[in-house]
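Asker: here is a sequence with its predicted model. Questions after.
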Amino acid sequence: MSQLATAHAVASVNIAPSVGRDDRIRLPGCHAPGLLWLCLHLPDLAVEVLRHTDRPAGSSPRSRGEESPLSVVQDEKGRPLIYRSSVTAAASGIVPGMTLTSALALYPTLEIRNRDIGLEHSRLLKLANLANRFTPIVSREPPDSLLLEVSGSLRLFGGIHPLRIRIRDDLSRLGHRSCIAVTPAPAASLLLATNERDTVVHRLEALRSALGPLPVTALPLPQDTLTRLGHAGVRTLRDLWRLPRDGLALRFGPELTSYMSRLMGLTPEPRRSSTPPEKLLSTRELPTGTVETGRLLPVMEALLDELGNWLRIRDAGTRSVRFFLHHQHRPATTVAVGTRLVTRDASRFLRLLAERLKPIRLSEPVTSVTLAAGTPQAWVPEHRSLFPARQNFPDPENRENEWAEVVDQLATRLGAEALRRPASPRDHRPEVKNTMEDRVMTENHPERPIWVLPRALPLKCRHGKPWLDGRLSFAGKPERIETGWWDGGDICRDYHVATNPHGSRLWIYRDADTPGRWLLQGYFA
Amino acid sequence: MNTKLEEILKEHPTLWHGQGIPRHDGKGIPTGFQGLDAVLPGGGWPPGALVDIVTAHRGIGELGILLPAMARLCGSGLQAVWIDPSFIPYAPTLRQAGVNTHHVLIVGPCRSEGDIPWCMEKILRSASCGMAMAWPRQLDFRATRRLQLAAEAGGSLGFLFHATDPGNSPTALRICLSPRDGALVVRIAKARGTLGRTVVELPR
C-alpha cells in the first residue's frame, strides 16, 4: 500500500515539469485566454447607406456590376475630398483623398454625394442590434466597424467558419459588403478587418506573424509618429516586431508600445457592449404612397422581423403589436393585433394582420408605417415532443398553443367580444347572465332546455291558450321559480313544458301577477 | 366471402361495400344512443367528417342527440364550438348532460354570412377541435367541400343544421329528424360507406 503511494508521488513529480512548460507557453499578463473577438468591418458603409435610401423597400439588392458609380465626398480643410467610392468607381481609379476635379476627370458621369454621418451612425446601431443575435457582447467601433466577442457562440453556430459565413450572408442580404477578421485581441481584429484582411487567428502566439505584413501607416497612431517610424526605415509591422521594446518607447513615446501590447493581446481591453433599446418603435418609409392594404404587408413583415430580433435579444415575447399607418394630411390609422399566448413568432402576428387589414378601407395613401411593440413579457419556448405526434393525438401543450392561435384568428376577424363561454347563471332566473360559478344549480332540478332566448318572447294567445305555430299543450306539472326578492329583480313565475303540433318542446312561463300573458323562454332542442 | 377478400376490405376502409351490413370498425364517435350507433357506419358519428342535420322545426331534440358525444369529446380535452347559434346555449343544461363547459366556445354574432364558413373552416382544421356546429342560411357546394376537407385535416366533427334537405352535398352523413309521439325519429338519408336508408326511433 505504501509502495503504491510512493509510486504515485513519484509519478506526480514527473508530471509537474510538463505542467510548468505549459504555463511558460502562455504569455505573461495575458487576460482571459478564451476570448475571441470578431471584427466586422463595412468598408463601403458610407456609400451603401446613401444607396439604401434610394432603393424601394422590399426590392432585392441589384448585383454590384449594374450599380452606377457613386462617390461620397467629405470636406477636409475646406476642400471636398473623396471619402469612399462604390466598387465600380474605385475600379476606375478613384481613391479616397482624391480631389473632386481629378475624380471627375477620371469618370465624368460620376455621381457625387455628401457624406451623411448621422445615417451611417444609425445604420451601425441597427447592425449592432442585429449582431446581437450572434453574441450578447457587441461593441460599436465608429465609423464603420463592430466588435463581437464570439467565443461563447462557436458551439451553437458550429465553429468559427460557419459563423463567419452566416454573418457575411446576413450582411450581403442587407446590401453590405463586409470584411471579417477574428483574433483573440480586439485591437488586432480591428486592425486586420479595417485593412480588409479576412483572417482567423485562434492563438495569441500566431498574432505576430498574422499582423506582420501590414504596413506601419495603417496603425491608428498620430501622423507624426508614423512619419518618424517611416524615416527610421520601419515599413511593416514585421520590422516593428524586430526592434527592442524599450528603445521604441524611448524614441517614439509610450503610445506606440502600449498600442503594440494591446495589439498582441497582452493588455486587457474592456469594451463597452452596445445594449438593445428599451422600447421598440421602428418606422419604414414606403417608396410610393398606397391605399392598398395588401401592399403594406411586406413592409410590416420587415418590421415584424425587427421585432422578432429585438425580442430574441431580450429573451422575451409579447402579446400585442401596434402599427401606425401615417398619411400625408390625416392623423395616422392605428392597427393593433394581440395574441392570447406570449409569442415572438413574427409569422403569427403577420397572419393576424392579414386578417385585420382586410376590412380596412384607407381614405388616403399611406406614406410610412411605424411599429410599436407591446410590453416585453417572459417567454417560454414552445415544447416540442421528441417523437412527432400523430395528428389526432398531439401533445396537450402543443394543442393548447395551436388552439390559442385559432382563437386569436377568430377574435381578430370577429372582435374579441364575439367569443364567449357558456356561463352558469348565479341564480335560477334564466335571463340573469353571470360569469360566477354556481353551486345552487348543481342540485337536481327539473329538465332545462338547451336553447335559451336572450329575452323572453311574448306569445300570442288564442281562446285563452298560448299559441306558437299551433296550439300549445302542456306536459307535466308546472315548476315555480320564485327568487330575486333581494335585489329588486324579484320574480314569481310558473314554468311549463309545452308542445306544439309540430313536435317542438318549449319552455314557457307566465308571471303569477299576470296569468293571461305567456312568454317563451327556451327550446328543448 | 373468402378471407382474402375480407382482408382487402379491412385494409381499405374507404372501399364501398354496396348493400352490406354497416361495419362496426369502432372508429366512430359513439352517439350515446345504442339504436343510432347500431345503424351508423363505424358505430357512431364519423370522425373527420361533416354531418348534415335536417330539421324543419326547432325544439324537437335536435341538439339533444349531440350532447352525449359533446360530453365525451369535451371530457377528452377537445373543444366544442357553436358558431353563430340562434339562441344562447344554456350552461346548466350542458353541465347536467356532463359537458365540461370550459371546453365549450360560442362564436358570434358573425357580421356577415361569409364569416360562418370561414370560422368553421379555421376551427375544424384545428386538431384541438372536437366538434363544431353551425346553422348556415346558405352554403354552396364548394364551401361545403372546403369544410369537409378541413374536418378531414383536423380529424374533427362538423355539424351543419338545415331547415330543408340540402340535396347533393359532399358531407359524409345526412340525417333527417322529426318528432313522433314524444319520440325522435332519425332517418339516415345518406351515409358514406353504406346504402342503408334506415329509420331509427329514439326516446326523448
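Answerer: Sure, I can see it. Computed from a predicted model, the values in this text were never measured in an experiment.

Asker: and the gap between the residue of chain A most remote from its centre and chain B?
Answerer: Taking Cα atoms, centre = their mean, the residue of chain A most remote from its mean C-alpha position is A:His463, at 73.1 Å. Here A:His463 is placed at a distance of 22 Å from chain B (Cβ to the nearest Cβ, to the nearest Å). From N, CA and C alone the C-beta is placed, and that goes for glycine too.

Asker: any idea of the pLDDT on that residue?
Answerer: Note on A:His463: pLDDT of 84.

Asker: now do A:Leu311
Answerer: 85.

Asker: show me what contacts it?
Answerer: When the contact criterion is Cβ atoms under 8 Å, 6 or more residues apart in numbering or on different chains, the partners of A:Leu311 are A:Gly317, A:Thr318, A:Arg344, A:Ala373, A:Pro376, A:Trp379.

Asker: following element in sequence after the host helix or strand of it, please.
Answerer: If you go by DSSP states H and E, A:Leu311 is part of helix A:297-314. On the C-terminal side of helix A:297-314, the nearest following helix or strand under DSSP H and E is strand A:316-327.

Asker: how about residues contacting that next one?
Answerer: A:296, A:300, A:303-304, A:307, A:311, A:332-344, A:349, A:353, A:362, A:364-379.

Asker: now swap in stretch B:114-130 and tell me
Answerer: Contacts for stretch B:114-130 (Cβ under 8 Å, 6+ apart): A:391-392, A:394, A:399-400, A:402-403, A:406, A:409-410, A:413-414, B:70, B:73-74, B:76, B:78-81, B:83-84, B:103, B:107, B:110, B:132, B:134, B:136, B:139, B:143, B:146-147, B:150-151, B:153-158.

Asker: among those, which are located in helices?
Answerer: The helices, defined by DSSP state H, take in A:399-400, A:402-403, A:406, A:409-410, A:413-414, B:70, B:73-74, B:143, B:146-147, B:150-151, B:153-154 from the contacts of stretch B:114-130.

Asker: hang on, the earlier thing: distance of the residue farthest from the centre of chain A from A:Ala498?
Answerer: Distance check for A:His463 against A:Ala498: by Cβ to Cβ, to the nearest Å, it reads 15 Å.

Asker: now the angle between strand A:316-327 and the helix holding A:Leu311, please.
Answerer: Angle between the axes of helix A:297-314 and strand A:316-327 is 150 degrees (criterion: axes from the mean of the first three to the mean of the last three Cα atoms, to 10 degrees).

Asker: check which residues of helix A:297-314 are buried.
Answerer: Neighbour-count burial for helix A:297-314 flags A:297, A:299-304, A:306-311, A:313-314 (criterion: 16 or more other Cβ atoms under 10 Å in any protein chain shown).

Asker: ok, now stretch A:351-364?
Answerer: Using 16+ other Cβ under 10 Å as the test for burial, stretch A:351-364 gives A:Arg351, A:Leu352, A:Leu353, A:Ala354, A:Glu355, A:Arg356, A:Leu357, A:Leu362.

Asker: hmm, back to that, max pairwise distance over the contacts of A:Leu311: which two?
Answerer: Greatest spatial distance in those: A:Ala373 and A:Trp379, 12.9 Å, computed using Cβ to Cβ.

Asker: quick one, which of those two is more surrounded?
Answerer: A:Ala373 (20 against 17; other Cβ atoms under 10 Å in any protein chain shown).

Asker: the more buried one pairs with what?
Answerer: A:Val321 (DSSP bridges).

Asker: how much space is there between it and A:Arg314?
Answerer: 10 Å.

Asker: hang on, the earlier thing: turn the contacts of A:Leu311 into JSON lines, including pLDDT.
Answerer: JSON lines is the format used below for the contacts of A:Leu311 (pLDDT from 0 to 100):
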{"residue": "A:Gly317", "pLDDT": "86"}
{"residue": "A:Thr318", "pLDDT": "88"}
{"residue": "A:Arg344", "pLDDT": "81"}
{"residue": "A:Ala373", "pLDDT": "85"}
{"residue": "A:Pro376", "pLDDT": "81"}
{"residue": "A:Trp379", "pLDDT": "77"}
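
Asker: contacting residues around B:Pro136?
Answerer: B:Pro136 is in contact with B:Glu113, B:Ile116, B:Pro117, B:Leu160, B:His162, counting by Cβ under 8 Å, 6+ apart.

Asker: for these, which one is nearest chain A?
Answerer: Using Cβ to the nearest Cβ, B:Ile116 comes nearest to chain A of the contacts of B:Pro136, at 10.4 Å.

Asker: how much space is there between the closest one and A:Glu417?
Answerer: For B:Ile116, the distance to A:Glu417 - Cβ to Cβ - is 17 Å.

Asker: sticking with the residue in chain B that chain A sits nearest to, tell me its helix or strand.
Answerer: Going by Cβ to the nearest Cβ, chain A is nearest to B:Pro179 of chain B, at 2.6 Å. Applying DSSP H and E as the criterion places B:Pro179 in strand B:173-180.

Asker: and that strand, which residues are buried?
Answerer: Buried-residue list, strand B:173-180, by 16+ other Cβ under 10 Å: B:Leu173, B:Arg174, B:Ile175, B:Cys176, B:Leu177, B:Ser178, B:Pro179.

Asker: what does stretch A:133-140 give?
Answerer: A:Arg133, A:Phe134, A:Thr135, A:Ile137, A:Val138, A:Ser139, A:Arg140.

Asker: for those residues, which one is nearest A:Pro287?
Answerer: Among the buried residues of stretch A:133-140, and counting by Cβ to Cβ, the member closest to A:Pro287 is A:Arg133, at 27.4 Å.

Asker: so the closest one makes contact with A:Arg314?
Answerer: No: in this structure A:Arg133 lies outside contact range of A:Arg314 using Cβ atoms under 8 Å: 11.6 Å.

Asker: show me where chain B has strands.
Answerer: Under the criterion DSSP state E, strands of chain B are mapped to B:49-55, B:79-83, B:88-89, B:104-107, B:129-134, B:157-162, B:173-180, B:183-191, B:199-203.
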